[in-house]
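Asks: Build me a model from this:
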Amino acid sequence: MHGERIEAVCDRLQAIEGDADKLVGDLLTSLYQGNVEAKHVIILKDLYELLEKAIDLCRDVGNVVFQVILKYS
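Replies: Model (predicted):
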């Protein structure tokens with residue numbers, strides 16, 4: 001029963017990660033098409049990439065938790 005719940009949460013994390021990837025892509029596109037100073041472009045680009053990595057790691061943690069639960073249930 002817990003495995004099904006964890007699997008649902010992992011699926012949701014995967015969907016959120018996909019949405020975040022799309023959002024970061026859109027943000028980067030608008031960043032390069034806008035009238036933004038070069039210094040701000042670099043800072044925002046780095047920030048967007050860090051946010052994407054953080055979201056990817058959250059998804060990875062969810063997958064690890066799911067694997068552990070499957071292994072020990």
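Asks: Output the below-cut-off pLDDT ranges for this structure.
Replies: Within the chain, the stretches with pLDDT under 70 are 1-2.
Asks: how about the strands in it?
Replies: With DSSP state E, there are no strands along the chain.
Asks: And the residue nearest the centre of it?
Replies: The centre of the chain sits closest to residue 55, judged by Cα atoms, centre = their mean, with a distance of 2.9 Å.
Asks: residues contacting residue 41?
Replies: Residue 41 makes contact with 31-32, according to Cβ atoms under 8 Å, 6 or more residues apart in numbering. Every residue, glycine included, has its C-beta placed from N, CA and C.
Asks: Also residue 44?
Replies: When the contact criterion is Cβ under 8 Å, 6+ apart, the partners of residue 44 are 27, 31, 36.
Asks: Distance check, the first one against residue 13.
Replies: It stands for residue 27. Using Cβ to Cβ, to the nearest Å, residue 27 is found at 20 Å from residue 13.
Asks: And for the second one?
Replies: Here the distance between residue 31 and residue 13 works out to 26 Å (Cβ to Cβ).
Asks: One more: the last one?
Replies: In this structure, residue 36 and residue 13 are 31 Å apart, going by Cβ to Cβ.
Asks: Who has more neighbours out of these two?
Replies: A count of neighbours by other Cβ atoms under 10 Å puts residue 13 above the other of residue 36 and residue 13, at 20 against 14.
Asks: Fine, thanks again, bye for now.
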